[in-house]
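**Student:** Give the three-dimensional model of this entry:
(one chain, ligands or ions: 1)
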Amino acid sequence: MASLSFLSSSHHLTLRTPSLTLRKISSPRTSVSFSVKAQSVALSQDDLKKLAAEKAVEAIKPGMVLGLGTGSTAAFAVDQIGKLLASGQLHDIVGIPTSKRTEEQARSLGIPLVALDTHPRIDLAIDGADEVDPNLDLVKGRGGALLREKMVEAVAEKFIVVADDTKLVTGLGGSGLAMPVEVVQFCWKFNLIRLKDLFKEFGCDAKLRVGGDGEAYVTDNSNYIIDLYFKEPLKDGFAAGREIGKLEGVVEHGLFLGMATSVIIAGKNGVEVMTK
Ligand SMILES: O=C(CO)[C@H](O)[C@H](O)COP(=O)(O)O
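**Tutor:** Take a look at the predicted model:
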């Protein structure tokens, strides 16, 4: 049993119980187990992300080809992999980064990197998510890396999602936050209108993603992102994904369906491992 030994600096969530117990998730399609015992500590959201990420890293074995995710939670996993390599507790692994950001981070930590072209079989991918539903279906890509993430995670034998419990939703699209669609730059407005029309029954709004500089956000693959905002959760994520995929000029969408092997969720009550 691991125990929580760190304290947070900001955004406190206080654990008042001396130890954490198992909380069962009601979906019949997932099973849950607890593996963390906590002392009475205050945890920030970052602490929770770190906790989930480090739990996932425990699944890494020497010799593995790893998919390295993108985002603030996945970055904790990459950090931990770097630390274990540096201390000699982990060896003989290679990573395939899902974004230029992650590539830079991994290089700075001395993690050996390869490409899908030379290593088309991935043993384990670890990545964050924006929404996780009870069937372990996901929305991903608010960090803009959805295309490479999907390419890597689709071929991973095992895909562990790491998140804090703010990412749990009862239905995809239910957070009211962006569900990204990566589109080619050519006539992006045309696809924005088509996407909005496609989901008008869900009260969908569609917006071109804009970066910090006020210009259109450009992905690592030189595409744009159209963010979809739903007023109510999608009834059928698979049907939605199929319909989006039919639009010419759409490169990828942020619905990651049937891909996660397990989801590690950290919350104020502890760490839950949800599996199918
Ligand atoms: O899909 C992603 C990036 O494209 C991220 O995994 C997702 O946005 C979650 O990020 P964070 O861990 O920062 O909340």
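
**Student:** Can you pull the residues of this protein lying near the ligand?
**Tutor:** Within reach of the ligand by Cβ under 6 Å from any ligand atom, the chain has these residues: 69-74, 127-130, 140-146, 149. (Each C-beta comes from the backbone N, C-alpha and C, glycine too.)

**Student:** Now which of those residues would you call buried?
**Tutor:** Among those, those classed as buried by 16 or more other Cβ atoms under 10 Å are 69-71, 73-74, 127-130, 140-146, 149.

**Student:** In strands only, show me those.
**Tutor:** residue 127 (DSSP state E).

**Student:** Filter the buried ones among the residues of the chain next to the ligand down to just the ones in helices.
**Tutor:** Secondary structure defined by DSSP state H assigns 73, 74, 146, 149 of these to helices.

**Student:** Format the residues you listed as TSV; extra columns: pLDDT and distance to residue 49.
**Tutor:** Listed next are those as TSV, based on pLDDT from 0 to 100; distance: Cβ to Cβ, whole Å:
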residue	pLDDT	distance to residue 49
73	98	4
74	98	9
146	98	19
149	98	17
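
**Student:** Check these and tell me the two furthest apart.
**Tutor:** 73 and 146 (15.2 Å; Cβ to Cβ).

**Student:** Verify the stated contact: residue 153 with residue 147.
**Tutor:** No. If you go by Cβ atoms under 8 Å, residue 153 and residue 147 don't touch, sitting 11.0 Å apart.

**Student:** who touches both of the two?
**Tutor:** Common neighbours of residue 153 and residue 147 (criterion: Cβ atoms under 8 Å, 6 or more residues apart in numbering): none identified.

**Student:** higher neighbour count, the two?
**Tutor:** Neighbours per residue (other Cβ atoms under 10 Å) separate residue 153 from residue 147, with residue 153 holding more: 26 against 22.

**Student:** contact partners of the helix or strand hosting the more buried one?
**Tutor:** Taking DSSP states H and E as the definition, residue 153 sits inside helix 146-155. The contact list for helix 146-155 (Cβ under 8 Å, 6+ apart) reads 67, 69-70, 96-99, 116, 120-122, 125, 127, 140-141, 159, 180, 182, 219-221, 223, 251-254, 256, 259.

**Student:** mind listing which of those residues are in strands?
**Tutor:** 67, 96-97, 122, 125, 127, 159, 180, 182, 251-253, 256.

**Student:** Quick check: which ranges of the chain have low pLDDT?
**Tutor:** For the chain, the stretches with pLDDT under 70 are 1-41.

**Student:** can you map out the helices along it?
**Tutor:** 45-57, 72-87, 100-108, 146-155, 188-198, 237-245.

**Student:** Any chance of these in TSV with distance to residue 167 as columns?
**Tutor:** Listed next are these as TSV, based on distance: least, Cβ to Cβ, whole Å:
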stretch	distance to residue 167
helix 45-57	10
helix 72-87	9
helix 100-108	19
helix 146-155	15
helix 188-198	23
helix 237-245	15
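
**Student:** so which of these gets nearest residue 272?
**Tutor:** The nearest among the helices of the chain, by Cβ to Cβ, is helix 45-57 at 9.2 Å.

**Student:** about what we covered before: restrict the helix holding residue 153 to CA atoms and write it as PDB.
**Tutor:** Backbone C-alpha positions of helix 146-155 (Å, rounded to 0.1, in the frame of the first residue of the first chain) are rendered in PDB as follows:
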ATOM      1  CA  LEU A 146      -5.500  14.600 -30.100                       C
ATOM      2  CA  LEU A 147      -4.300  13.400 -33.400                       C
ATOM      3  CA  ARG A 148      -0.900  12.100 -32.200                       C
ATOM      4  CA  GLU A 149      -2.500  10.900 -29.000                       C
ATOM      5  CA  LYS A 150      -5.100   8.800 -30.900                       C
ATOM      6  CA  MET A 151      -2.500   7.400 -33.300                       C
ATOM      7  CA  VAL A 152      -0.300   6.300 -30.400                       C
ATOM      8  CA  GLU A 153      -3.100   5.100 -28.000                       C
ATOM      9  CA  ALA A 154      -5.000   3.200 -30.700                       C
ATOM     10  CA  VAL A 155      -2.100   0.800 -31.200                       C
END
